[in-house]
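Participant: next one to model:
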Amino acid sequence: MERSEDTKIVIVGGGICGLSTALALHRKGIRSLVLEKSEKLRGEGAAIIVQTNGWRALHHLALASSLRSTALRIHRGKFIALNGNEAKEIPFRVCEEFRCLKRIDLMEAMANNLPVGTIRTASHVLSIQFDSVTKYHHLLLSNGTVLQAKVVIGCDGVNSMIGKMIGLKETQHSMISKDSKLVRQSLMESMEGFPQDAMEMIENCELNSLHLTTDLKYRPPLDLLLHKFRKGTLIIAGDAMHATG
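Facilitator: Prediction:
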């Protein structure tokens with residue numbers, strides 16, 4: 001069993017939140033270690049529309065210039081009313097920046113700007129125990145390695161183990177997702193005003209084919225207001241903190 005004595009900050013989760021947190025620390029001269037349970041960084045998923053505030057954040061991470069070359073600029077949007085009125089184009093102002101960016105491009109840019117050895121894949125954290133004497137957290141990994149960290153940042157998603165340790169309640173499934181009839185009812189209500197053939201398709205389809213909200217998870221707003229996101233030097237961020245879907 002190995003033991004690391006010099007890991008000050010460990011980030012659990014190598015998604016966008018985990019990588020951006022590590023990069024933000026790196027830009028300030030602070031080293032960290034990112035633990036990702038998968039064999040490689042996961043860049044699957046749809047493209048991301050990054051708006052003005054997002055580009056400001058990427059600028060502070062020193063990534064904006066390089067990512068702009070791979071992102072598609074969006075100059076205008078289109079508003080379509082269901083009452084039959086003509087579609088209305090909405091041009092974006094010069095000061096607004098909307099670009100469509102591939103998720104994998106964003107993650108690779110972050111990973112490539114981190115020091116070698118910052119990201120450790122195939123590193124599934126099984127447990128975390130706090131030593132009240134040394135004030136260090138002991139992280140047991142699935143390969144038997146034990147890491148010691150002064151600070152642990154949980155960027156481990158909606159089912160965050162670290163969130164549970166802090167005392168946050170588990171994310172909840174939407175009540176709609178538990179009942180196929182409610183799924184249909186919700187869709188019918190949200191699609192009010194759509195063309196009749198679209199409404200009939202939803203109304204007459206098999207209930208088990210409606211799965212738009214079966215994976216919908218959220219953290220009740222009251223939980224976000226009443227609970228802290230830190231317990232000592234355990235901290236959570238990203239979806240672990242504010243799961244919305």
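Participant: by mean pLDDT, point me to the weakest helix or strand of this protein.
Facilitator: strand 172-173 (a mean of 56; mean pLDDT, DSSP states H and E).
Participant: output the contacting helices and strands for whichever helix or strand comes after it.
Facilitator: As assigned by DSSP states H and E, the chain's next helix or strand after strand 172-173 is helix 180-190. Judged by 3 or more C-beta pairs under 8 Å, 6 or more residues apart in numbering; DSSP states H and E, helix 180-190 is in contact with helix 196-204. Just so you know, the C-beta spots here come from the backbone N, C-alpha and C atoms, and that holds for glycine as well.
Participant: got the buried residues for the helix it packs on?
Facilitator: Neighbour counts over helix 196-204 (16 or more other C-beta atoms under 10 Å) mark I202 as buried.
Participant: what angle do it and helix 180-190 make?
Facilitator: Put simply, helix 196-204 runs at 160 degrees to helix 180-190, going by axes from the mean of the first three to the mean of the last three C-alpha atoms, to 10 degrees.
Participant: so which elements touch helix 196-204?
Facilitator: In this structure, helix 196-204 makes packing contacts with helix 180-190, judged by 3+ C-beta pairs under 8 Å, 6+ apart.
Participant: which parts of the helix it packs on are buried?
Facilitator: By neighbour count on 16+ other C-beta under 10 Å, the buried set for helix 180-190 is 180, 183-184, 186-187.
Participant: tell me the one among these nearest to L41.
Facilitator: Proximity of the buried residues of helix 180-190 to L41 was ranked by C-beta to C-beta; the top entry is V183 with 33.2 Å.
Participant: if I look at the closest one, how far off is S20?
Facilitator: Going from V183 to S20 by C-beta to C-beta, to the nearest Å gives 34 Å.
Participant: just G193 next, same as before
Facilitator: Distance from G193 to S20, counting by C-beta to C-beta: 39 Å.
Participant: looking at those two, which is more packed in?
Facilitator: S20 (21 against 10; other C-beta atoms under 10 Å).
Participant: correct me, but that one touches L61?
Facilitator: Yes. Between S20 and L61 there is a contact under C-beta atoms under 8 Å: 6.5 Å.
Participant: hey, what's in contact with both of those two?
Facilitator: In terms of C-beta atoms under 8 Å, 6 or more residues apart in numbering, S20 and L61 are both contacted by the residues M110.
Participant: neighbours around L207, how many?
Facilitator: By other C-beta under 10 Å, neighbour count at L207 equals 10.
Participant: any idea how far it lies from Q185?
Facilitator: 11 Å.
Participant: over to I49?
Facilitator: From I49 across to Q185, the span is 30 Å (C-beta to C-beta).
Participant: likewise for C100?
Facilitator: From C100 across to Q185, the span is 33 Å (C-beta to C-beta).
Participant: now swap in H26 and tell me
Facilitator: Noted for H26: a distance of 49 Å to Q185, by C-beta to C-beta.
Participant: and for V116?
Facilitator: Applying C-beta to C-beta, the value for V116 to Q185 is 53 Å.
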